[in-house]
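Peer 1: A structural model of the following input is requested.
(one chain, ligands or ions: 3)
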Amino acid sequence: MEIKISQDLDTEVLVINKFEGEKTSQELANTYAVEKDNFEGKLGTTYLLHTYGKIPADKILVIGFGKKEEFDGTKMTEAAAKAVKKLKQIKAKKAVFNFDGVSQYGKEAVIGAYIGDYSFDKYKTEKDTHLEELSFSNFDENDIKEGKIFAEAMYLTRNIANEPAEYATPTKLAEIATQIEGLDTKIYDKEEIKKMNMGAYLAVARGSAEPPKFIHMKYSNGNPKKRIALIGKGLCFDSGGMDLKPASSMLTMRDDMSGAACILGVMSALNKLKPQNIEIHGIIAACENMPGQNAYKPGDILTAKNGKTIEVDNTDAEGRLTLADALCYASELKVDEVIDIATLTGACMVALGSVASGVMGNDEDMIKDIIKTAQNSGEKYWQLPMFEEYMNSLKSDIADMKNTGSRYGGASAAGVFLKEFVSNVKWVHIDVAGTAFLEKPQGIFIYGSTGVGVRTLLNYVTK
Ligand code: BES
Ligand code: MG
Ligand code: ZN
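Peer 2: Ligands and ions are numbered 1, 2, ... in the order given. This is a model prediction of the structure:
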């Protein structure tokens, strides 16, 4: 889909908006949609009419914007996505968004259009239909450009996370990271990871024939006033390891690198957005969790990078082991803030469903800031507690801690576990187990990866 900025309304489909209780900017639409057919304009609903040559455009698509006083950027994204879905459904090739009274939401409109256009048809013989050209009028040019950068970052993330594990291996993630322009990127292989004393991460990687890759990308511009490290859980496949998952739970575990895919998307946008006086690190401890002959075993005792020992209670709680070492590494970078994003616990999914991501951390202000940024980015984040009592169930008789404890409060237990590996830095953990990958369509998102985290983290680091 090609994005254009144009005031030319001579097109195939002219897309206009309607708020509830108000008229549209178009006489034809007012006569037919509003007066004759009582089209109300509830958010995301559409009304299509042919113009029979009365105006230059062949068709008018009216898209409902809901109540004017409730309209915001998130609703803009939703309406734009629904409009594009409708355009695809009628197999339109060219359209113009000619919205009235919402000129400040150009960025959100482009993001929505891309979300509505997205599909993952790489492996299908018969490809999906797409809009060829979409023009935006009545918006700020810079907002359109920024929206396009955000949307392309989401595309990259969703494409990587949707790929089968066979394709999106740790080596492939490293290759993608290396190809992102404008970053200083270093890939550490197994021997180098060993030298860095990442005993927890390496143990997880051991059972797979695919070698682990520790990825460190760095963006820096100007004289950094703030330094942030972003970590993404990069389990290219999570079979559960020796504590093998049942088939139904394993099916979608190619998505267990959604955090990593998010960070790759975010890092890919930085050199285009060029935020000033900031240093941003993207870190991924990529590997697979497999029950191969060298696999780590329940009862093993691992030593993380910071020297803390962990008794393996369950090999399926592998994400926190890889993150433990990545958090130690990030802490050593002496950054101001660390954010990790991870498909970490089924328990988070039980608590919040696929609607919201769970947020924890060691700094209330930073947690609030992230949640607020998410809200303004069209994502829903919800804080979960980190009471120190959750650590009780992780007590070990033979090591400093176990990697799992009680089934109950599992998302919080994972949170307090991670906290053991964060030192002297503000930190927020985002559990996207329920939100990163949809098993059925939800709202404007189709089956598969949602690219959760991309919009929030990009808005957070560029604000
Ligand atoms: N990758 C899973 C978490 C997950 C579950 C992500 C469902 C997406 C959807 C994680 O590694 C895992 O297996 N967690 C275990 C932890 C348990 C053994 C304490 C879980 O949630 O069951
Ligand atoms: Mg697991
Ligand atoms: Zn996992």
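
Peer 1: near ligand 3, which residues of the chain show up?
Peer 2: Applying C-beta under 5 Å from the ion, we find that the chain lies next to ligand 3 at 235, 238, 256, 319. Backbone N, C-alpha and C define where each C-beta goes, glycine included.

Peer 1: host element of the residue nearest to residue 361 when sequence neighbours are not counted?
Peer 2: Residue nearest to residue 361 in three dimensions, not counting chain neighbours: residue 428, with 3.8 Å by C-beta to C-beta, 6 or more residues apart in numbering. Assigned by DSSP states H and E, residue 428 belongs to strand 426-431.

Peer 1: got a list of contacts for the next helix or strand after that strand?
Peer 2: Next helix or strand after strand 426-431 toward the C-terminus (DSSP H and E): strand 437-438. Residues outside strand 437-438 that contact it (C-beta atoms under 8 Å, 6 or more residues apart in numbering): 161, 252, 255, 258, 343, 354, 445-450.

Peer 1: list the buried residues for the strand holding residue 428?
Peer 2: 426-431 (16 or more other C-beta atoms under 10 Å).

Peer 1: now do stretch 192-200
Peer 2: Result for stretch 192-200 [16+ other C-beta under 10 Å]: buried residues 193, 196-200.

Peer 1: pipe those into JSON lines and attach distance to ligand 1 and secondary structure per row.
Peer 2: Formatted as JSON lines, those follow (distance: C-beta to the nearest ligand atom, whole Å; DSSP: H, G, I helix; E, B strand; the rest coil):
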{"residue": "193", "distance to ligand 1": "20", "secondary structure": "helix"}
{"residue": "196", "distance to ligand 1": "22", "secondary structure": "coil"}
{"residue": "197", "distance to ligand 1": "23", "secondary structure": "coil"}
{"residue": "198", "distance to ligand 1": "18", "secondary structure": "coil"}
{"residue": "199", "distance to ligand 1": "18", "secondary structure": "helix"}
{"residue": "200", "distance to ligand 1": "13", "secondary structure": "helix"}
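
Peer 1: out of those residues, flag the one nearest to residue 224.
Peer 2: residue 196 (23.7 Å; C-beta to C-beta).

Peer 1: grab the nearest non-local neighbour of the closest one.
Peer 2: residue 305 (6.4 Å).

Peer 1: got the phi/psi numbers for that neighbour?
Peer 2: phi -60, psi -30 (degrees, to the nearest 10).

Peer 1: tell me the contacts of it?
Peer 2: 196-200, 324-325, 328-329, 421.

Peer 1: for stretch 269-284, how far is the first residue from the last?
Peer 2: Taking C-alpha to C-alpha, to the nearest Å, the first and last residues of stretch 269-284 lie 17 Å apart.

Peer 1: how far off centre is it?
Peer 2: Centre-to-centre, stretch 269-284 and its host chain are 16 Å apart (C-alpha atoms, centre = their mean, to the nearest Å).

Peer 1: before we move on, what about stretch 354-366?
Peer 2: Going by C-alpha atoms, centre = their mean, where stretch 354-366 is centred and where its chain is centred differ by 15 Å.
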